[in-house]
Each structure stands twice: as structure tokens, then as C-alpha cells.
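In: Okay, sequence plus prediction incoming.
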Amino acid sequence: MSDQNNPFPETEAAPRPATDIPDSELAKEISKASDEDLHGDPDDPSPQPSPGEATSISAWRVAKSLLTLRSQVNSLAPSRLKKSDGTIGDPSHQSRASDHNPWVKDGTAGVVTAMDITHDPDHGCSAEAIANAITQARDSRVKYIIWNRKIASSSAVGGAPAWGWRNYSGRNGHTHHIHVSVKPEKATYDSETAWNLPPSLTA
């Protein structure tokens with residue numbers, strides 16, 4: 001059971017019916033049908049999730065690696081605001097390509113492999129600190145991260161080396177949250193190994 005201070009309990013890894021999308025999990029800044037920026041990597045030539053793949057699922061859940069990350073962030077910054085947090089895209093986005101859609105299949109459930117975490121330095125949660133920690137650790141689970149009009153991928157993309165920052169051309173500048181996408185392999189996205197975060201998430 002969630003509470004007002006922590007609406008993201010560890011048990012959220014259990015699949016939910018496809019029609020059960022709580023507001024606390026909705027990736028809010030992509031919830032408008034007019035916004036085509038689905039937090040993807042515009043420079044990545046590798047195969048992307050096909051539009052429509054997420055519409056056939058009967059249940060969905062969030063990748064365990066991302067739940068682990070969020071749990072750690074919540075522990076390090078228990079008073080942080082979560083107004084820009086989110087995982088799953090709303091139904092209007094499930095016909096388009098996005099890691100915020102549960103396009104990765106695990107049995108009959110779809111897995112969301114992207115998460116947004118609110119930038120709230122006033123309450124101990126700096127997205128800059130999270131971005132620096134992830135890029136410095138070169139965590140093998142990460143596909144890419146987006147923060148403050150920049151994007152870094154774990155492989156060489158768009159002329160930038162692996163983990164090198166480049167300009168992000170999406171309409172959403174990601175100044176209110178950091179976006180983290182993990183790779184679509186189960187051993188990667190469901191790894192619950194602790195993330196290498198600093199003792200404090202202040203910048």
C-alpha cells in the first residue's frame with residue numbers, strides 16, 4: 001500500500017492490468033497527445049520499439065532495475081518532490097515508439113524500461129548528481145540518460161563516444177527531471193543490483 005510520502009513501494013514490480021495506470025506512475029511530461037517527444041534517442045540508428053507493440057499486452061510492470069534506482073533515490077532524498085516522476089506513457093502514446101511504453105515482453109506482461117526522476121535540489125535530489133553518478137559508474141544496465149538538454153548513451157552514438165554528452169534535440173529539454181532508459185534484456189532490466197549513487201544527491 002502506497003502512502004503520500006512514498007507512492008512507489010517496492011511491490012510495484014508486480015504486473016498491473018493494462019488498464020490500470022495510476023497517476024503516480026504516468027510519465028507526465030509526455031501525457032499530451034500533441035507532444036511527440038517521447039524521451040527517445042533521436043541519434044540512435046539501432047532498432048527501436050515498433051509502434052503498436054505495447055497495445056497487445058494484458059498487463060505491465062516497471063523494470064526492477066529502475067525500481068531499485070527509485071528506491072535508492074527515495075531513501076537518499078526522502079522529502080523530495082515527485083511531480084515530474086513517471087514510468088509508463090499514457091494509452092495515447094502506446095501506438096508510438098518509446099521506452100515509456102511496456103513494449104518489452106516478459107511472459108504475458110509488458111515491461112516499462114524508462115523512468116523519470118524529478119529534479120528537486122531544494123529537497124536533496126539533484127538530477128545533475130544522479131546523471132554524474134550514472135555516467136561515472138558506466139552502469140552496464142543503462143541504454144541512455146537525458147538531462148538538461150543533453151543525452152548520454154552507453155554506446156557510441158551520433159558522433160559522441162560511449163557515455164559522452166551530446167545535445168538533445170527533443171522538444172522537452174528535460175530540465176525538470178532526469179530520464180533513464182535501461183536495455184531491453186531481462187538480465188539487465190531486472191537486475192536489482194544497487195546503483196552506484198553517492199551518499200548525498202546534492203549537486
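Out: Structure's in. What do you need?

In: need the contact list for the nearest residue to residue 189 once chain neighbours are set aside.
Out: Closest residue to residue 189 apart from its sequence neighbours, by CB to CB, 6 or more residues apart in numbering: residue 63 at 3.9 Å. No exception for glycine: its C-beta is placed from N, CA and C like everyone else's. By CB atoms under 8 Å, 6 or more residues apart in numbering, residue 63 lies in contact with 104, 111, 112, 113, 115, 182, 189, 190.

In: Just the helices from this protein, written as ranges.
Out: Along the chain, counting by DSSP state H, helices occupy 64-76, 127-137, 186-189.

In: can you tell which of those helices is closest to residue 17?
Out: Of all the helices of the chain, it is helix 64-76 that lies closest to residue 17, at 18.4 Å by CB to CB.

In: circling back to that earlier point, from the contacts of residue 63, keep the buried residues only.
Out: Among those, those classed as buried by 16 or more other CB atoms under 10 Å are 104, 111, 112, 113, 115, 182, 189, 190.

In: And stretch 192-203, what's buried?
Out: Across stretch 192-203, burial judged by 16+ other CB under 10 Å covers 195, 197, 201.

In: so who does the second one touch?
Out: The neighbours of residue 197, taking CB under 8 Å, 6+ apart as the test, are 72, 73, 76, 130, 133.
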